[in-house]
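>>> missing the sequence, but the structure's below:
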C-alpha cells in the first residue's frame, strides 16, 4: 500500500512505532469504549429478532461469541502487533507485494461501499420519519423502495459523500464526542422498550413473553425462520473477523505498551455488540407489541426501520441518534473506500475517488434489501478479508520454522507474491460459492477460509520460494 | 471551566438515562422521557465539545461495525 493510501494515525506508516509513541492500557479502553456502538447496531439487533433468535440464545450466544472475539484480539492480534509494530498494510506489503496490497485494498474498498450503503439507508430511514416517508423493502434484492424513500437516500448519500470528500477528521471528532451519548441512547432505547412491553418486573423479564410474542408475530408474517445458539455465537465472534482474524487492528495495537491492552476490545464488544444489539432488538419487539401495523411493510412482512423504531422509543433523540450513528459510520467508510480506489488510480484526486465511492455507496443504499441482509454481509466481509490475517500469522510464526523466507516480497522485490494471491483467493472463492450459491451462513465460512489460506500459503511458499531466485537479504 | 463543562455533560447524560429508569419504574410518562432526552442531547452536544477536544484516537479513520 502506498504511503498516501493509509494515514491512520498519521505517523509511523512505514516504520515500527518507537517506544516513545507507545500508549498505555487506558487509551485503548477509552478508544474501544466508543467503538462498535455504530449505525450497524441499529440494523443488526432487530435482524436477530426478525431471524427468529430466542432471547436465551441471544443473551448467552452473544456473551460467548463476544468473549471469543476478545480472546482472538488478545491472543492472535496483539502478540504480532507488539512484535512488529507495523500497520496491517505495510506488513502485508512486505509479505505480499505492493500491487497485491492495492488489489486487497480495492476489494476492501468495494465492501466498504456496500457497508456505507447500508448506513445511508439507515440514516435515510431516520430522516424520513418526520416527513412521513415510509421505508418499504421490496421483495427483490435489487428492488427499489418507494420513489420518495429512494430520493431521500440519494440526498442523504450526496451529503455524506460530500462531507467524506472533505476528510474524516471533522466527522471523527463528532463521532468521538457522540460515542458516550450514543451508548446512553442505546441503553435508554432498551429500557424504554421493556417498559413499553410491560416487562418491568423480574418475573416478566425472565418469562420473556414479550420476546416470544414478537417472534411469533414475525414468523406469522415472514414465515418460519430460525437463528440458533451457535449461529449467534459464530456471528458475534466473527462479525469483526476482518479486524481480528484479518488483523486489521494491527494498525491500532502496534501502539500498545502492554499485552493486556488486548483486553480493551471487551468494552466495545459488550457495549456495542451486546447491550446495543439487544437494546436495538427490543426496539422491534416493542414496536410489534404497541403498534404492530407500523412494523409491517408494504409487502406484508415485518421489516426493521431503524429510524421509526428509535422514534417510537425516544422520539427526536432516537432519530438524531440513528442519523449520527449512520453518518459517523458511513463517513469513514466512504473515505477509506475512496483512498483504496485512489491507490488503484494514483493519478486521480482523493476527492474525486471519495465521490466515486460515495456514488457507489448511495446506489447500494437505494436497495433496502442490502441493508436487510447485513447479518450475511458482515460474515461475507470477514470471509473475504479475514484470510489475509492468516498470511500474516503464518509469516510471523511459521515461515522461519519451515526454513522459508518471511516477508518474501520485500526480500525478492516482487510486487505480487503469487503464493499469497492464490492462498487468499482460492479459499475465498470457495467460501463465496458456499455462501452465495449454497446458502451457507456467511459467518461459518470465516474460520475454514482462514485455516485453508494459512495451509495453502505455507505449502505454496515452499514451492514458489524454492523455484524463485534466491532473495537478497534486507 | 473544564470541570464545569464535564459536570454539565454528566448531568445531560443523566437526562437521557435517568428518566428512562423512572419510566421503567412507572413514575413518569413517555412524553416526559422523550423531552428530557432531547434536552439532554442538546446539552450534551453543547457541553461536551468544550472539554472533549482531545486528539483523535489512532484509529479515527478506521471503519467500525
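Structure received. Everything quoted here is computed from the prediction, not taken from an experiment. Residues are numbered from 1 along each chain as shown, chains lettered A, B, ... in the order given.
>>> residues near the nearest residue to residue A:75 once chain neighbours are set aside, how many?
With C-beta to C-beta, 6 or more residues apart in numbering or on different chains as the criterion, residue A:75 has its nearest non-adjacent residue at 7.3 Å, and that residue is residue A:262. To be clear about C-beta, it is placed using only N, CA and C from the backbone, and glycine gets the same treatment. When counting by other C-beta atoms under 10 Å in any protein chain shown, one arrives at 26 neighbours for residue A:262.
>>> Repeat that for residue A:195.
21.
>>> Regarding it, what is its secondary structure?
Under DSSP: H, G, I helix; E, B strand; the rest coil, residue A:195 falls in the helix class.
>>> which non-adjacent residue is nearest residue A:14?
Using C-beta to C-beta, 6+ apart and skipping residues adjacent in sequence, the residue nearest residue A:14 is residue A:90, 5.4 Å away.
>>> Was I right to think residue A:139 contacts residue A:299?
Yes - with contacts counted by C-beta atoms under 8 Å, residue A:139 reaches residue A:299, the gap being 5.9 Å.
>>> Which stretches in chain B count as helices?
B:2-24, B:30-51 (DSSP state H).
>>> relative orientation of the first one and helix B:30-51 in degrees?
Computed with axes from the mean of the first three to the mean of the last three C-alpha atoms, to 10 degrees, the direction of helix B:2-24 lies at 160 degrees from that of helix B:30-51.
>>> Quick check: mean pLDDT of helix B:2-24?
Averaging pLDDT along helix B:2-24 gives 95.
>>> Now do the contacts for the residue of the stretch 201-350 of chain A found nearest chain B.
Closest to chain B within the stretch 201-350 of chain A is residue A:315: 3.3 Å, counting by C-beta to the nearest C-beta. Applying C-beta atoms under 8 Å, 6 or more residues apart in numbering or on different chains to residue A:315 gives the contacts B:34-35, B:37-38.
>>> can you tell me if the helix or strand containing residue A:377 touches chain B.
Taking DSSP states H and E as the criterion, residue A:377 maps to helix A:374-385. Yes - under the criterion of C-beta under 8 Å from any C-beta of the partner chain, helix A:374-385 makes contact with chain B via A:378, A:381.
>>> Packing partners of that helix?
Other helices and strands packing on helix A:374-385, by 3 or more C-beta pairs under 8 Å, 6 or more residues apart in numbering or on different chains; DSSP states H and E, are helix A:39-50, helix A:98-128, helix A:229-238, helix A:418-432, helix A:446-467.
>>> Pipe those helices into CSV and attach distance to residue A:159, mean neighbour count and mean pLDDT per row.
Listed next are the helices and strands packed on helix A:374-385 as CSV, based on distance: least, C-beta to C-beta, whole Å; neighbours: other C-beta atoms under 10 Å in any protein chain shown; pLDDT from 0 to 100:
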stretch, distance to residue A:159, mean neighbour count, mean pLDDT
helix A:39-50, 15, 28, 90
helix A:98-128, 9, 26, 92
helix A:229-238, 31, 23, 96
helix A:418-432, 33, 21, 97
helix A:446-467, 34, 19, 94
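>>> ok, so what distance separates residue A:146 from chain B?
27 Å (C-beta to the nearest C-beta, to the nearest Å).
>>> now swap in residue A:76 and tell me
Counting by C-beta to the nearest C-beta, the gap from residue A:76 to chain B is 18 Å.
>>> That residue is in contact with residue A:245, isn't it?
Yes - the pair residue A:76 / residue A:245 is scored as a contact, 6.9 Å apart, by C-beta under 8 Å.
>>> State which one residue of chain B is found closest to chain A.
residue B:34 (3.3 Å).
>>> Cool, thanks, talk later.
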